[in-house]
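Student: this is the structure alone, sequence omitted:
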């Protein structure tokens, strides 16, 4: 390399993936995927233009939300959503604790471990609405199906995180408790629970937020809450009512999120 | 931890009396609230439908198993659509969330007022579920894949944006000062000082959200926004539970694969 060429050489940041063959393989793969994925979307331009018209109507509706016309429906839906959230979070947390212990490798024998892990996987795999469909078939329309759905979803979330926490506890404290002659139950309450309970409480409050958000949609398949009212408003193109409901949902979620993050910060 | 004297014996208790009373009061109040909520739920429930739940479940299982394996030939297209909704939606969310995150982070925002607007966008996006976004978009632009992609994108802005701006706020100041001292422009500081520090977190968050989006996009079809949900809705409305069972199997396998993939990618980054 001549000196001249050397002096004009500019520094460039090293590429993200050092192997050039792998780098090009990934780039080409992404481009090919994007080509096929994008070409499989059918975009109906005509419909989009009509949509823009609706969009402006919707935006107008958003600026003038109609809280009064369907207030009774909205109120009933909101009370249902809120009570569903409270009950399902409590039930979910209560069931999550034994399942979480069962799913911790250092606490449970193999068959129980596998059963609890299986339950957690099923709960985490299916979106709440799909679980709600099954529960609506089993228990009929109404908020009970929603409560059971959200409780089941809570188990998947909370028991998994609790189990991971329990697997990482300090074994010395458990052993110390056991050497005093404590029974299994006493070992758990004095040796294990104090180590995991602060995070458990924090996660339960966090799950309350999630359940509130989810309780707004399980109504779409008939499992109670504000979702059914919202869907009706949209299918009738009552954008002013829909926007009123959306504003209430957003305000409610924001309020609980602020309160819960405040509580969680105080707990830590 | 208090020790009390009872009949000349020292008894250890975990909490003192005031704490015990406070705890009891808290428990009683929350129990009353929960029971009150349960009363409302139970009042809205038709218990005669609940009573035959075991029969309903047995019937459901009998109808759904074995799943109709040959129905799979019709499911490849919805499956491809679902993956596309999740992937393109995540991409859309990422593209919009990236500038918003830099505007929302305390150390990179150009102005406090802009920061508040960016935070507001993040909060609104997070508060509204992707299924509700899909309801809105189907009403606006009609049913189809596009509505699903935009719905997933809009919901992802809040999630990705929030975790991104938290990562930006945690960057270390030294490399930034060093790059600034070389006379770099604002954009150069962003790309050479901030980006290398936050890139691992950004990739992890995006892949994590993609994994969540795969799960969410399976139900968007219930409101008409494309993917497996449309097939699921059709099967359930026609009471073809063997087909619905097949769709459940497909969703289960797909979500497990995406979770495994995203966990592997995140482990490789860290």
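Tutor: Structure received. The shown structure was predicted, so the numbers you read here are calculated from the model rather than taken from an experiment. Residues are numbered from 1 along each chain as shown, chains lettered A, B, ... in the order given.

Student: only C-alpha atoms for contact and neighbour calcs from this point on.
Tutor: OK.

Student: center of the chain, which residue is that?
Tutor: Reading this off chain A. In chain A, the C-alpha closest to the average C-alpha coordinate belongs to residue A:210, at a distance of 5.4 Å (Cα atoms, centre = their mean).

Student: my bad, chain B
Tutor: Short answer for chain B (Cα atoms, centre = their mean): residue B:212, at 5.6 Å.

Student: how about the one helix or strand residue B:257 maps to: buried residues?
Tutor: Secondary structure from DSSP states H and E places residue B:257 in helix B:241-269. By 16 or more other Cα atoms under 10 Å in any protein chain shown, the buried positions in helix B:241-269 come out as B:241-248, B:250-252, B:254-256, B:258-259, B:262, B:266.

Student: that one packs against which elements?
Tutor: Contacts defined by 3 or more Cα pairs under 8 Å, 6 or more residues apart in numbering or on different chains; DSSP states H and E place helix B:241-269 against helix A:110-125, helix B:53-64, helix B:195-217, helix B:228-237.

Student: go with 10 Å
Tutor: Here helix B:241-269 touches helix A:110-125, helix B:53-64, helix B:76-104, helix B:195-217, helix B:228-237, going by 3 or more Cα pairs under 10 Å, 6 or more residues apart in numbering or on different chains; DSSP states H and E.

Student: what's the offset of that helix from the middle of its chain?
Tutor: 15 Å (Cα atoms, centre = their mean, to the nearest Å).

Student: that helix to helix B:53-64, inter-axis angle?
Tutor: 90 degrees (axes from the mean of the first three to the mean of the last three Cα atoms, to 10 degrees).

Student: rank the helices and strands packed on helix B:241-269 by pLDDT, which is bottom?
Tutor: Mean pLDDT per stretch puts helix B:53-64 lowest among the helices and strands packed on helix B:241-269, at a mean of 83.

Student: circling back to that earlier point, list the contacts of the residue nearest to the centre of chain A.
Tutor: Residues in contact with residue A:210 (Cα atoms under 10 Å, 6 or more residues apart in numbering or on different chains) are A:85, A:89, A:150, A:154, A:204, A:253, A:257, B:127, B:129.

Student: please state the offset of the helix or strand harbouring it from the chain centre?
Tutor: Element membership for residue A:210, per DSSP H and E: helix A:193-215. Centroid displacement of helix A:193-215 relative to its chain, using Cα atoms, centre = their mean, is 12 Å.

Student: run a quick neighbour tally on residue B:49.
Tutor: Using other Cα atoms under 10 Å in any protein chain shown, residue B:49 is surrounded by 15 other residues.

Student: hmm, back to that, nearest to residue A:78, of the contacts of residue A:210?
Tutor: Nearest to residue A:78 among those, counting by Cα to Cα, is residue A:85 at 10.5 Å.

Student: show me what contacts that closest one?
Tutor: So residue A:85 contacts A:79, A:146-147, A:150-151, A:207-216, A:225, B:37 (Cα under 10 Å, 6+ apart).

Student: and it, that's in a helix?
Tutor: Yes. Per DSSP: H, G, I helix; E, B strand; the rest coil, residue A:85 lies within a helix segment.

Student: mind giving me the domain split of chain B?
Tutor: B:3-49, B:69-269 (automatic domain parsing).

Student: list buried residues within the contacts of residue A:85.
Tutor: Buried members of those, scored by 16+ other Cα under 10 Å, are A:79, A:146-147, A:150-151, A:207-216, A:225, B:37.

Student: the host helix or strand of residue B:27 close to chain A?
Tutor: Under the criterion of DSSP H and E, residue B:27 resides in helix B:17-43. Yes. Judged by Cα under 10 Å from any Cα of the partner chain, helix B:17-43 comes into contact with chain A through B:31, B:33-43.

Student: and the helices and strands packed on helix B:241-269: which comes nearest residue A:242?
Tutor: helix B:195-217 (21.9 Å).

Student: other SSEs contacting the closest one?
Tutor: Counting contacts by 3+ Cα pairs under 10 Å, 6+ apart, helix B:195-217 is packed against helix A:110-125, helix A:128-139, helix B:76-104, helix B:130-141, helix B:145-169, helix B:173-181, helix B:241-269.

Student: just tell me which of those helices ends up closest to residue B:123.
Tutor: helix B:145-169 (6.2 Å).

Student: what packs against the closest one?
Tutor: Checking 3+ Cα pairs under 10 Å, 6+ apart, helix B:145-169 ends up next to helix B:76-104, helix B:112-127, helix B:130-141, helix B:195-217.

Student: which residues does residue 137 contact?
Tutor: Just so you know, I chose chain A. Residue A:137 sits next to A:145, A:222-223, B:49-50, B:53, B:56-57, B:60 when contact means Cα under 10 Å, 6+ apart.

Student: nope, chain B please
Tutor: Contacts for residue B:137 (Cα under 10 Å, 6+ apart) come out as A:51, A:55, A:234, B:131, B:143-144, B:146-151, B:223-225.

Student: 8 Å - rerun?
Tutor: For residue B:137, the contacting residues are B:147-148, B:150-151, by Cα atoms under 8 Å, 6 or more residues apart in numbering or on different chains.

Student: what do you get for residue A:262?
Tutor: With Cα under 8 Å, 6+ apart, residue A:262 has no contacts at all.

Student: host element of it?
Tutor: Going by DSSP H and E, residue A:262 is part of helix A:239-267.

Student: would you mark the buried spots in that helix?
Tutor: Buried residues in helix A:239-267, defined by neighbour count with 16+ other Cα under 10 Å: A:239-247, A:249-250, A:252-254, A:256-257, A:260, A:264.

Student: which ones among the residues you listed come in contact with chain B?
Tutor: For chain B, the contacts drawn from the buried residues of helix A:239-267 by Cα under 8 Å from any Cα of the partner chain are A:246, A:249-250, A:253-254.

Student: using TSV, lay out those together with pLDDT.
Tutor: Formatted as TSV, these follow (pLDDT from 0 to 100):
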residue	pLDDT
A:246	88
A:249	89
A:250	88
A:253	87
A:254	87
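
Student: TSV for those residues, including distance to residue B:121?
Tutor: TSV is the format used below for these (distance: Cα to Cα, whole Å):
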residue	distance to residue B:121
A:246	15
A:249	15
A:250	12
A:253	14
A:254	12
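
Student: which among the residues you listed gets closest to residue B:234?
Tutor: Of all those, residue B:234 sits closest to residue A:246, with 27.8 Å by Cα to Cα.

Student: skipping its backbone neighbours, what lies nearest the residue in the stretch 151-268 of chain A that chain B sits nearest to in space?
Tutor: Proximity of the stretch 151-268 of chain A to chain B (Cα to the nearest Cα) peaks at residue A:250, 5.4 Å away. Spatially, and ignoring its direct neighbours in sequence, residue A:250 is nearest to residue B:127 (5.4 Å; Cα to Cα, 6 or more residues apart in numbering or on different chains).

Student: OK, contacts around the one you found?
Tutor: By Cα under 8 Å, 6+ apart, the contact list for residue B:127 reads A:213, A:249-250, A:253-254.

Student: mind putting those residues into a markdown table with distance to residue B:117?
Tutor: Formatted as a markdown table, the contacts of residue B:127 follow (distance: Cα to Cα, whole Å):
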| residue | distance to residue B:117 |
| --- | --- |
| A:213 | 22 |
| A:249 | 19 |
| A:250 | 16 |
| A:253 | 18 |
| A:254 | 15 |
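
Student: out of the helices and strands packed on helix B:145-169, which is the most enclosed?
Tutor: helix B:130-141 (a mean of 25; mean count of other Cα atoms under 10 Å in any protein chain shown).

Student: excluding its backbone neighbours, what's nearest residue A:91?
Tutor: Of all residues not flanking residue A:91 in the chain, residue A:151 sits nearest, at 6.0 Å (Cα to Cα, 6+ apart).

Student: the helix or strand hosting that neighbour packs against which elements?
Tutor: Take DSSP H and E as the rule and residue A:151 turns out to sit in helix A:143-167. With contacts defined as 3+ Cα pairs under 8 Å, 6+ apart, the packing partners of helix A:143-167 are helix A:71-102, helix A:110-125, helix A:128-139, helix A:193-215, helix B:17-43.
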